[in-house]
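>>> everything below, folded, please.
(chains A, B and C)
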Amino acid sequence: MAKTHQSARPNQLFRNLNSKIASIPMIFVALVIFLGGSVWTVIYSFTNSRLLPRATFVGFDQYERLWGSARWLISIQNLAIYGILSLIFSLVVGFVLAALMDQKIRFENVFRTIFLYPFALSFIVTGLVWQWILNPEFGIQHIVRSLGWETFEFNPVYDPDIVIYGILIAGLWQGTGLVMCLMLAGLRGIDEDIWKASRVDGIPMWRTYLFIVIPMMRPVFITTLVIIASGIVKLYDLVVAQTSGGPGNASEVPAKYVYDYMFQAQNLGQGFAASTMMLLTVAIIIVPWAYLEFGGRKRG
Amino acid sequence: MTTLSVQTPHTNAFPPGATSLPEASAVSGEHSVSIRDLSLSFGAVTVLEDLNLDIHDGEFLVLLGSSGCGKSTLLNCIAGLLEPTDGQIFIKGRNVTWEEPKDRGIGMVFQSYALYPQMTVEKNLSFGLRVAGLPKEDIAKRVARASAILQIEPLLQRKPAALSGGQRQRVAIGRALVRDVDVFLFDEPLSNLDAKLRSELRVEIKRLHQQLKNTMIYVTHDQIEALTLADRIAIMKSGVIQQLADPVTIYNRPKNKFVAGFIGSPSMNFLDGELAEEGGRPVFKTNGVSFLLDGYSASEPLTPGRKVVLGVRPEHIKVDADIAGEEIHEAIVDIEEPMGADNLIWLKLAAHTLSVRVGGARRYAVGSKVRLGFDMTMASLFDAATEERI
Amino acid sequence: MANVSTFDTTSTVVTDAAVLATTPSRALEGPSGRKPKRRLSRRNIILYGTLGLAALYYLLPLYVMVVTSLKGMPEIRMGNVFSPPMEITFEPWVKAWAEACTGLNCDGLSRGFWNSVRILLPSVVVSIFIASVSGYSLANWRFKGSELFFSILIIGAFIPYQVMIYPIVIILREIGIYGTLTGLIIVHTIFGMPILTLLFRNYFTSLPEELFKAARIDGAGFWQIYGRIMLPMALPIFVVAMILQVTGIWNDFLFGVVFTRPDSYPMTVQLNNIVNSVQGVKEYNVNMAATLLTGAVPLIVYFVSGRLFVRGIAAGAVKG
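Here you go, the predicted structure:
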């Protein structure tokens, strides 16, 4: 009956107009930069662009060249070593530190401040400090030798075989504090009653951690994993500061490869192809996670 | 979200003219708020469907229902905080369906008070007026009037954090008051308060209504609030108004079994059975026991054989000495729950468990026999299938 | 204690705490087991021992930076990186700040410091303002598609910068601001957006929705609610965002290299150029002083802000 008196629904485009205007930067960044930029780079990785982007498509040429390049292969190998070890160590060390911190200890704030402060420092600072500490003439190797072990060899600044481990040490120093914090937050999120119940049941603490707490913290572990992993792929500043990719090509990483080819070797096509490979790596990490995290939530 | 089972029954309570179009009623000023065919769905979930409701000028209307019934959603639609999917809303005869909340002539009081934490009470009260750009003297006058009515003058310079729950709610009411609006909307305003404060503020809200004579729409899940405050109650379930009537009618003549069970504490006794005839008089039969339906005013003929549900409230079953001419049934005391002023006894009768309310001083031993008399003038009969009142 | 001593002389020498800590009290009829809370239990030794060792590892580089920067070069050549300075000198600090050379410029890190300040201030303000407004939109004024854009934004946070950096170079070059301060501010705003928007969106969502509704009934619009209701309530989260951005932008290297010209390089880039320059004799003390100077700003922010820093990194990370 009242249908005849229906007032016109206002144009949907103009409802909430202020909000839409205020969101323009966000929409621009999401669509143009993140989505558009990535797509553009992927497309131009199939061209033979050199100094300037050129839309001359050459199929998979750039990728063939990329995977035929010794430097790229070393980069990938370094990233794999650094990535796997850094994942394992930062998760284990981070979790152990968090579990220790969660024992209702005194000076918790002091310890946390100490473990986390490297995270406030830049990779440049981190790399330069460790370059100095690991310096063979004055640093660790020198100290151990002067203690009497004359043949001690530990030179991760100039020894191409172990240079990536030097970077790993520095990277762990910088990043484990963050992992510890995330894990601690996860531990604090676990119901007190779980601990009480396991105490009443007489389950030893390490068993409680291993079989009850860690499975309960699965989401925290996964989130942390994704954060560390996507950080690893971006590894760049640390290498530049600590070793500049050297000695030779021994500590090259993909992100540095991209930068060098884009902005120094003026071989954009190679840079685009390499960055597309980085994107692919991240996608392999992110897509299953996003599917689990968001796809699962929608169904639940 | 079934909406098929029960029709919106509001038209029954109205004279035929009352459902005329809002344009007409705006002239007479009879309806303060009118809702026409209002629907709201979020994706596949329908929260409100084809809802119609007319609220008189100066009326205190309570929207009552359990959580998720759509009562708050309806209130938010009236306030303009939610956009309906379909239908229209009229306030004072004006179609406000797509208007901004501020332009609708409404004030709203929230469950969590929603006071701006960083502002003093005075600033809280005047925020809306300052936004509207009213002159300073005008603002001061209105704030003074509202705080006088609510007796919150001593609190004006305090921040909300320094107020008690009751004081906060008073300020929240004051914020609606200063806006000098036609319609007040209350969204469970007392639910966050403790029992004692709740009953105190309930009285105050009632006094406020008598003093201001504004239209008030009040959402609650508390039936005591609904029964004590309302001129009319709209009981909602699954986005549909089940019954719209004054509290006495709702209580005594519930329109369907849902309303009957929802209102009243302890809730109504329900007995499944069927209609029959004994000696030319209609009776209700259950498990071999017959109950004479003398005095029950049915709206439909009581055809024998029809499956029905008999509903009787605990206070409408008389015990022993109270029986005044009703048909007598015998029952056995199962459990006794003394509650101070009252004593609730649970009885076994014809394989049914019944609750009966008696005075607090009367005690019954478990297992003892008592005589019961059912006051059929106050009872309700529902069709077993449709659950509608007969 | 005085009363006790008259009855039992043996216990007068030990204090209450020591009684509890060392001797199982058999005198009282009570629980038969030992009271487990002792200061120096094996568990505590392991616990604090491990934490202490870890703390040592984390503190070591800071110590090395400080002692190296206070030594003279001859002393460095004689000793090792850990030996404390015998003769404290502030010469390296002065040199690092005012004289160290990068390329042709020999005015020290001070140039990079001021460049970083010039980059930092506007970048922090602009990025936080835009992100807070976006977060507020997402929390309170949702529109069709807003969640989709937000999802793209969050996924974008995981994409390596290298993938998007060249398209940005092109865009900035087309507008004519490639290599300028404005360009770098925009870049920092872009890449700060995902985490900051998430931070603000989650914060504004956590505020009671009724507050927002009350403000709308009071007639306040989008900007009025933002400025007069939300902003004053969100001050803590603004501080968190500031901490994130100040440390993040100060520590940035990649964008500094790509989007600025050598004379306006930020401090990190200049630091790297000073330390890793191949010409001249390596002055490790000056290098470490320069490194400390560059790390000083985020370190000060970190030590001053304390728990808020932790909150900042945990807010974005643990629950999205």
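
>>> what's the local residue count around the residue of the stretch 51-200 of chain B at minimum distance from chain A?
Per Cβ to the nearest Cβ, residue B:95 is where the stretch 51-200 of chain B lies closest to chain A, at 4.7 Å. Every residue, glycine included, has its C-beta placed from N, CA and C. For residue B:95, the tally of surrounding residues (other Cβ atoms under 10 Å in any protein chain shown) stands at 19.

>>> my guess is it contacts residue B:104. True?
No: between residue B:95 and residue B:104 there is no contact under Cβ atoms under 8 Å: 10.6 Å.

>>> before we move on, back to that, if I look at the residue of the stretch 51-200 of chain B closest to chain A, how far off is chain C?
Distance, residue B:95 to chain C, using Cβ to the nearest Cβ, to the nearest Å: 19 Å.

>>> likewise for residue B:279?
For residue B:279, the distance to chain C - Cβ to the nearest Cβ - is 62 Å.

>>> with residue B:133 instead?
From residue B:133 to chain C the distance is 10 Å (Cβ to the nearest Cβ).

>>> now do that residue, the pLDDT please.
Residue B:133 carries a pLDDT score of 91 in this model.

>>> next: residue A:24.
So residue A:24 comes in at 92 (pLDDT).

>>> now do the one 3 residues further on
What the model reports for residue A:27 is a pLDDT of 93.

>>> skipping its backbone neighbours, what lies nearest it in space?
Excluding its sequence neighbours, the residue lying closest to residue A:27 (Cβ to Cβ, 6 or more residues apart in numbering or on different chains) is residue C:149, at 5.0 Å.

>>> then the host helix or strand of the one you found to PDB, C-alphas only?
Remark: residue C:149 resides in helix C:146-156, with elements defined by DSSP states H and E. Coordinates of each C-alpha in helix C:146-156 appear next as PDB, following Å, rounded to 0.1, in the frame of the first residue of the first chain:
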ATOM      1  CA  SER C 146      36.200  -1.300   1.300                       C
ATOM      2  CA  GLU C 147      37.100  -4.600   2.800                       C
ATOM      3  CA  LEU C 148      38.400  -5.900  -0.600                       C
ATOM      4  CA  PHE C 149      40.700  -2.900  -1.000                       C
ATOM      5  CA  PHE C 150      41.900  -3.500   2.500                       C
ATOM      6  CA  SER C 151      42.700  -7.100   1.800                       C
ATOM      7  CA  ILE C 152      44.700  -6.200  -1.200                       C
ATOM      8  CA  LEU C 153      46.600  -3.700   0.900                       C
ATOM      9  CA  ILE C 154      47.400  -6.300   3.600                       C
ATOM     10  CA  ILE C 155      48.500  -8.900   1.000                       C
ATOM     11  CA  GLY C 156      50.600  -6.100  -0.600                       C
END
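
>>> any buried residues in that helix, and which?
Within helix C:146-156, the residues scored as buried using 16 or more other Cβ atoms under 10 Å in any protein chain shown are C:146, C:149, C:150, C:152, C:153, C:154, C:155, C:156.

>>> related to what we said a few turns ago, OK, contacts around the residue nearest to residue A:27?
A:23, A:26, A:27, A:30, A:31 (Cβ atoms under 8 Å, 6 or more residues apart in numbering or on different chains).

>>> in JSON lines, list the residues you listed along with neighbour count.
Formatted as JSON lines, the contacts of residue C:149 follow (neighbours: other Cβ atoms under 10 Å in any protein chain shown):
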{"residue": "A:23", "neighbour count": "26"}
{"residue": "A:26", "neighbour count": "24"}
{"residue": "A:27", "neighbour count": "18"}
{"residue": "A:30", "neighbour count": "25"}
{"residue": "A:31", "neighbour count": "16"}
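
>>> where does pLDDT dip in the chain?
Using chain A. A:1-10, A:294-300 (pLDDT under 70).

>>> nope, chain B
In chain B, residues with pLDDT under 70: B:1-30.

>>> surely residue B:97 touches residue B:89?
Yes: counting by Cβ under 8 Å, residue B:97 does reach residue B:89; the two are 5.0 Å apart.

>>> and the residue of the stretch 251-390 of chain B closest to chain C?
With Cβ to the nearest Cβ, the shortest gap between the stretch 251-390 of chain B and chain C falls at residue B:262, namely 25.8 Å.

>>> how far away is that residue from chain A?
In terms of Cβ to the nearest Cβ, residue B:262 sits 29 Å off from chain A.

>>> and that residue, how many neighbours?
Other residues close to residue B:262 by other Cβ under 10 Å number 25.

>>> cool, residue B:300 as well?
Residue B:300: 11 neighbours (other Cβ under 10 Å).

>>> which non-adjacent residue is nearest it?
residue B:390 (5.1 Å).

>>> quick one: list the elements packing against the helix or strand where residue B:356 lies.
Assigned by DSSP H and E, residue B:356 falls within strand B:352-359. Packing contacts for strand B:352-359, counted by 3 or more Cβ pairs under 8 Å, 6 or more residues apart in numbering or on different chains; DSSP states H and E, involve strand B:269-278, strand B:317-319, strand B:342-349.

>>> most packed of these?
strand B:317-319 (a mean of 22; mean count of other Cβ atoms under 10 Å in any protein chain shown).

>>> what separates it from the chain centre, distance-wise?
Here strand B:317-319 is found 27 Å from its chain centre; the criterion is Cα atoms, centre = their mean, to the nearest Å.
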